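Q: dropping the sequence and predicted coords here.
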Amino acid sequence: MFLIREGLLKPMYKYVPTLTDYILREQENFPRATGRFTMLMTQIENSAKIIASHVKASGLVDIIGKTGNTNTFGEEVQKLDEFSNKLLVDTLISSGEVYAVVSEEIPDPVFAPKESKGEYIVYFDPLDGSSNIDTNCPIGTIFSIYHKDGGLLQPGNKQVAAGYIIYGSSVMFVYTFGHGVNGFTLDPAIGSFLLSHPDIKIPEDGVYYSINQAYEALFDESTKKYLEHLRTEAKSKLRFVGSLVADAHRTFIKGGIFLYVADKKQPEGKLRLMIEVNPFAFLTEQAGGKALGAKGINPLDIMPKHIHQLSPFVMGSKKNVELFRSF
Ligand code: P6P
């Protein structure tokens, strides 16, 4: 150690905090923390690693699956989103840390057994963008955590934590507890999420706009004028993966704007307020960006009426969102 201290010997391996280190350190920010929240986050982390291993092998599972009913993981060959949903429900309910979970895939909440002392409610989409699985496009898991005392229907500004895991060219775990946004990349060699994107901040401005323009004829006049304006501006570029986690993650990293607005066929939009809009609105604000819901209000202030209610959603760089709002 003397040699390292004197700078005579380069340390062999630069220490990089893992997600677990960060979660434990965050616990110090919560004086009342009992470690139960840390346990909950660790369960979500472990589930993400298992889902990542299945997503990475999904093409193979089909081939291997054809040799019989089981796959390399020894389980019944299931659709990946069914598998991911069952894994998250079973893991969270049996963790003893949740009072209830609400999954995009299940109409009703799933309550933990009476004897469980779980303090938290977790809303999640186990595998968002699953229509992209067969095309090798990035897909993701989204989670949003509330304390149970506020009940199942709380505004997004009561979230205790929110985040997503993106299964793309690398697997990243991105979350906020309300003290900024941190991104961790899975190192498959050691099976740990390592801090790769500390304190993510959305760039003030960005060239990318992300919207499904196929619906343009159904948009309201102001949105049509906005898109026309962007098309006349040379700098704007359209990027739309059709996977919220991928489009939102690009917006966090490169800046720009993502829009899933209401249209004549989807008057409330398509995205779920509690499961997709609120977690990303929380993350966007924590990363210094701007998020809008219906009529330009902050989605985090909406008092939900139903666990699966829909909401239009716009998120991104402050300048880009302000320009949209000016239309
Ligand atoms: P559309 C995926 O099905 C999803 O819920 C989001 O991930 C994505 O942003 C949106 O739907 C895409 O919807 O109507 O463009 O296919």
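A: Structure received. Residues are numbered from 1 along each chain as shown.

Q: so what's the residue in the stretch 1-150 of the chain positioned nearest to the ligand up against?
A: Nearest residue of the stretch 1-150 of the chain to the ligand: residue 129, at 4.2 Å (CB to the nearest ligand atom). Where C-beta positions appear, they are placed from N, C-alpha and C, glycine not excepted. Counting by CB atoms under 8 Å, 6 or more residues apart in numbering, residue 129 makes contact with 137, 138, 139, 140, 241, 242, 243, 244, 245, 246.

Q: how about residue 48?
A: Counting by CB under 8 Å, 6+ apart, residue 48 makes contact with 141, 165, 171, 173, 193.

Q: the contacts of residue 129 in strands, which ones?
A: When strands are assigned by DSSP state E, the members of the contacts of residue 129 inside them are 139, 140.

Q: which residues in the protein form strands?
A: 98-103, 110-111, 120-128, 139-147, 161-167, 171-176, 181-187, 192-197, 208-210, 237-238, 257-260, 290-292, 313-316.

Q: and the nearest residue to residue 41 once chain neighbours are set aside, how many neighbours?
A: Distance criterion CB to CB, 6 or more residues apart in numbering; nearest residue to residue 41, sequence neighbours excluded, is residue 23 at 4.8 Å. Neighbouring residues of residue 23 were enumerated by other CB atoms under 10 Å; the total is 20.

Q: now do the same contact list for residue 23.
A: The contact partners of residue 23, by CB under 8 Å, 6+ apart, come to 38, 41, 42, 45.

Q: top of those by neighbour count?
A: In the contacts of residue 23, the most neighbours by other CB under 10 Å go to residue 41, 26 neighbours.

Q: dump the residue contacts of residue 258.
A: Neighbour list for residue 258: 210, 211, 244, 247, 248, 251, 313, 314, 315, 316 [criterion: CB under 8 Å, 6+ apart].

Q: if I read this right, the second one contacts residue 259, doesn't it?
A: Looking back up the chat, that one is residue 211. Yes: under the criterion of CB atoms under 8 Å, residue 211 lies in contact with residue 259, with a separation of 4.3 Å.

Q: check the contact between residue 287 and residue 255; I expect there is one.
A: No: in terms of CB under 8 Å, residue 287 does not count as a neighbour of residue 255; the distance is 10.3 Å.

Q: okay, and the common contacts of those two?
A: Residues touching both residue 287 and residue 255 by CB under 8 Å, 6+ apart: residue 202.

Q: sorry, back to before: could you dump the contacts of residue 23 into a markdown table with distance to the ligand added?
A: A markdown table is the format used below for the contacts of residue 23 (distance: CB to the nearest ligand atom, whole Å):
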| residue | distance to the ligand |
| --- | --- |
| 38 | 29 |
| 41 | 23 |
| 42 | 26 |
| 45 | 22 |
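
Q: make JSON lines from those residues and add pLDDT and distance to residue 220 to it.
A: Listed next are the contacts of residue 23 as JSON lines, based on pLDDT from 0 to 100; distance: CB to CB, whole Å:
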{"residue": "38", "pLDDT": "89", "distance to residue 220": "45"}
{"residue": "41", "pLDDT": "94", "distance to residue 220": "40"}
{"residue": "42", "pLDDT": "94", "distance to residue 220": "45"}
{"residue": "45", "pLDDT": "97", "distance to residue 220": "41"}
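
Q: can you put the residues you listed in JSON lines and add distance to residue 298?
A: Rendered in JSON lines, the data for the contacts of residue 23 read as follows (distance: CB to CB, whole Å):
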{"residue": "38", "distance to residue 298": "29"}
{"residue": "41", "distance to residue 298": "26"}
{"residue": "42", "distance to residue 298": "31"}
{"residue": "45", "distance to residue 298": "29"}
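
Q: list, one by one, the residues from the stretch 51-200 of the chain near the ligand.
A: Where proximity means CB under 6 Å from any ligand atom, the interface of the stretch 51-200 of the chain facing the ligand comprises 128, 129, 131.

Q: repeat that for 8 Å
A: By the rule CB under 8 Å from any ligand atom, the part of the stretch 51-200 of the chain lying against the ligand is 125, 128, 129, 130, 131, 132.

Q: what does the stretch 201-327 of the chain give?
A: Within reach of the ligand by CB under 8 Å from any ligand atom, the stretch 201-327 of the chain has these residues: 212, 214-215, 240-247, 258, 260, 266, 270-271, 276.

Q: quickly list what the most centrally placed residue in the chain is bridged to.
A: When the chain is reduced to its mean C-alpha position, the closest residue under CA atoms, centre = their mean turns out to be residue 164, at 2.5 Å. In this structure, residue 164 bridges to residue 142, residue 174 when assessed by DSSP bridges.
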